[in-house]
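Undergrad: Let me see the structure of the following:
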Amino acid sequence: MNTSFHFAGVALVLCAAFAAEAAQTDAEKAAGDACESSVADTVRRMRGRDALEVQFVGAQRALSPLPDDEVGVKGEGRYRGSASGPVAFTYSCTFNAKSRSTTGVVFSDKGGARAGSGDTWQPDLTNLSPEACEAATAAALKRKHPRVDRIAFDPNSRKLKAAPNAHTSLEGQGGVVRAPGMNSVPFTYQCEFEARSGKVVDVKTSD
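TA: Residues are numbered from 1 along each chain as shown. So this is what the prediction gives:
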């Protein structure tokens, strides 16, 4: 046996194995980083001033292969605001290696202290936009009060609930000045979203 050829063959096999392992590690890192970025954006959207800082616990990140070149990512993190203590949460997300996009973003505060984040129902927050709900609410208030002067929303009042037809409901509070010179009065609002598309299909206000 030619020893030099044997060693060369072994070296090639080892190089290929190391390259495959490095590629897998890079793919897993890309999936984890992309999901954590999407989760952080979602937490900030949903928690407003309560989530000025979002951090993740790297040791708790877990990845699992899924069909169609997708990777499931689960983990833990914490967020905090300027005047609030840290709040721990868990999250899950799906990363598509072909499109490099994320879907199925879900997060839940540990301890279930907030409405809409309990263990029995978990909304897909990927396409849900509180800003779209607030824009629809503002339009509804302007139709109700054509001389409206000012509308303000309280992001800390947002609550998520399950709605009929597999939709998601977002409720909140705010204040509206119905006409110049008038005092601000409180109002409540409720938007109904198509869970998969994030489209606002209905909005209700009460003031």
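
Undergrad: Grab the nearest non-local neighbour of Thr137.
TA: Tyr189 (4.3 Å; CB to CB, 6 or more residues apart in numbering). For glycine as for every other residue, the C-beta is placed from the backbone atoms N, C-alpha and C.

Undergrad: List the contacts of the residue nearest the centre of the chain.
TA: For the chain, Thr42 is the residue whose C-alpha lies nearest the centre (CA atoms, centre = their mean; 3.0 Å). Taking CB atoms under 8 Å, 6 or more residues apart in numbering, we find Thr42 in contact with Val105, Phe107, Leu125, Thr126.

Undergrad: Most neighbours out of the residues you listed, which is it?
TA: Leu125 (26 neighbours; other CB atoms under 10 Å).

Undergrad: isn't it right up against Phe107?
TA: Yes: if you go by CB atoms under 8 Å, Leu125 and Phe107 touch, sitting 7.0 Å apart.

Undergrad: Find residues that contact each of the two.
TA: With CB under 8 Å, 6+ apart, Leu125 and Phe107 have common neighbours Thr42, Met46.

Undergrad: domains for the chain, by residue range?
TA: 3-109, 130-206 (automatic domain parsing).

Undergrad: Tell me where the chain has strands.
TA: Along the chain, counting by DSSP state E, strands occupy 53-56, 62-66, 70-80, 87-96, 101-109, 150-163, 167-177, 185-193, 200-206.

Undergrad: neighbouring strands for the fifth one, and are they parallel or not?
TA: Paired strands of strand 101-109, with direction, are strand 87-96 (antiparallel) (DSSP bridges).

Undergrad: So which residues make contact with the partner strand?
TA: 30-32, 34-35, 38-39, 43, 50, 66, 68-80, 101-111, 113.

Undergrad: Please compute how far it lies from its chain's middle.
TA: 8 Å (CA atoms, centre = their mean, to the nearest Å).

Undergrad: tell me the mean pLDDT for that strand?
TA: Model confidence over strand 87-96, given as mean pLDDT, is 89.

Undergrad: Using PDB, list the CA coordinates for it.
TA: Once non-C-alpha atoms are left out, strand 87-96 reads as follows in PDB (Å, rounded to 0.1, in the frame of the first residue of the first chain):
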ATOM      1  CA  VAL A  87     -38.800  40.300  32.700                       C
ATOM      2  CA  ALA A  88     -37.800  36.800  31.600                       C
ATOM      3  CA  PHE A  89     -39.500  35.300  28.600                       C
ATOM      4  CA  THR A  90     -39.400  32.200  26.400                       C
ATOM      5  CA  TYR A  91     -39.600  32.300  22.600                       C
ATOM      6  CA  SER A  92     -39.900  30.100  19.500                       C
ATOM      7  CA  CYS A  93     -39.400  30.800  15.800                       C
ATOM      8  CA  THR A  94     -38.900  29.100  12.400                       C
ATOM      9  CA  PHE A  95     -36.100  30.000  10.100                       C
ATOM     10  CA  ASN A  96     -36.200  29.200   6.400                       C
END
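
Undergrad: and that strand, which residues are buried?
TA: For strand 87-96, a neighbour-count test (16 or more other CB atoms under 10 Å) marks Val87, Phe89, Thr90, Tyr91, Ser92, Cys93, Thr94, Phe95, Asn96 as buried.
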